[in-house]
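In: What follows is a protein structure lacking sequence information:
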């Protein structure tokens, strides 16, 4: 039974997975279907966390829209996601950035990683 599940999950994996980390600012290009039309909508924000593995891997992106914090959790291997583009790399020292939810303004920013 376990091998059967692994083989089904292996077919659902994307060939090219974008490489980004927690703290990075990313643009998620998602396909939105409205009736018979299909368009691509961009969601830009900071990656708060990545979790899971295989085809169940998800990541959460947070942005501020009109002064209100908005979070979306995306499945990494979902066919809805067209692509993920890294805008800038963030300098963080932890795996989950839940503390950013309580911060406002400049304190809610993540420093840029300079290489």
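Out: Cool, got the structure. If you're wondering where the values come from, they're calculated on a predicted model, not measured in any experiment. Residues are numbered from 1 along each chain as shown.
In: Can you check which strand is longest in the chain?
Out: strand 37-51 (DSSP state E).
In: Quick check: next helix or strand after that one?
Out: As assigned by DSSP states H and E, the chain's next helix or strand after strand 37-51 is strand 58-65.
In: what's the following helix or strand after that next one?
Out: Downstream of strand 58-65 (by DSSP H and E), the next one is strand 68-75.
In: Report the rounded mean pLDDT for that following strand.
Out: Mean per-residue pLDDT for strand 68-75: 94.
In: neighbouring contacts of that strand?
Out: 28, 30, 43, 45, 48, 55-64, 80-81, 101 (Cβ atoms under 8 Å, 6 or more residues apart in numbering). Heads up, the C-betas are built off the backbone N, CA and C, glycines and all.
In: what's the spacing between stretch 30-43 and its chain's center?
Out: With Cα atoms, centre = their mean, to the nearest Å as the basis, stretch 30-43 stands 17 Å off its chain's centre.
In: and if you look at stretch 76-88?
Out: With Cα atoms, centre = their mean, you get 7 Å for stretch 76-88.
In: which secondary structure elements does the worst-scoring helix or strand of the chain on mean pLDDT contact?
Out: Lowest mean confidence among the helices and strands of the chain (mean pLDDT, DSSP states H and E): helix 2-12, at a mean of 86. Applying 3 or more Cβ pairs under 8 Å, 6 or more residues apart in numbering; DSSP states H and E, we find helix 2-12 packed against no helix or strand.
In: quick revisit: and the contacts of strand 68-75, which are buried?
Out: 28, 30, 43, 45, 48, 55, 59-62, 81 (16 or more other Cβ atoms under 10 Å).
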